[in-house]
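Prediction below, plus the sequence it came from.
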Amino acid sequence: LDGIEFEYWCASKLEDQGWSATVSKASGDQGVDIIAVRENITVAVQCKRYSKPVGNKAVREVLAGQQFYRADQACVISTAGFTSSAIELANATSIVLIEADFINSFSEKFGF
């Protein structure tokens with residue numbers, strides 16, 4: 001999968017869990033690839049199909065995107081894990097980090 005295909009794959013997996021998932025346009029997305037909505041919760045999601053762990057830049061971007069879209073929460077989904085710096089920043093900002101292999105835990109992370 002390329003990056004765009006990965007975004008659609010993630011959106012499909014979220015829809016399988018009962019979310020309405022809209023993939024954003026490729027450019028100018030403000031750091032958000034998917035807006036996921038379920039009941040009264042909106043989650044801004046950034047998808048990273050990388051071969052190396054994702055750093056804290058992705059966490060900063062999705063945090064800004066969360067603010068921009070006025071989402072309740074935010075998440076980064078990665079194919080290659082996360083750096084310790086990204087994990088530290090995510091913990092400090094309540095950004096949820098999910099490895100793609102565990103995408104089926106998405107709903108659980110947000111209380112469903």
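Here it is on my side, so go on.

rest of the way, CA atoms for contacts and neighbours
Noted.

S107 against Q17, yeah?
Yes. If you go by Cα atoms under 8 Å, S107 and Q17 touch, sitting 6.6 Å apart.

Between these two, point out the one with more neighbours.
More crowded of S107 and Q17, by other Cα atoms under 10 Å: Q17, with 17 against 14.

so what's the residue positioned nearest the centre of the chain up against?
Centroid-nearest residue in the chain: V45, 2.7 Å away (criterion: Cα atoms, centre = their mean). Residues counted as contacts of V45 (Cα atoms under 8 Å, 6 or more residues apart in numbering) are V32, D33, I34, I35, A36, V62, A74, C75, V76, I77.

quick one: which of these sit in strands?
Residues from the contacts of V45 lying in strands, with DSSP state E as the criterion: I34, I35, A36, A74, C75, V76, I77.

I34 reaches S24, doesn't it?
Yes. Using Cα under 8 Å, I34 is in contact with S24, at 5.7 Å.

Quick check on those two: which one has the bigger neighbour count.
I34 (24 against 17).

Bridging across strands, which residues link to the more buried one?
V23, V45 (DSSP bridges).

and the gap between it and S84?
Taken as Cα to Cα, to the nearest Å, the spacing of I34 relative to S84 amounts to 24 Å.

Flag the shaky bits of this structure, pLDDT-wise.
The chain contains residues with pLDDT under 70 at 26-28.

What ranges does it have for its strands?
So, for the chain - with DSSP E - the strands run 20-23, 34-38, 41-48, 73-78, 96-99.

Distance to D2 added to the ones you listed, as CSV?
Output for those, formatted as CSV (distance: least, Cα to Cα, whole Å):
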stretch, distance to D2
strand 20-23, 15
strand 34-38, 16
strand 41-48, 10
strand 73-78, 13
strand 96-99, 17
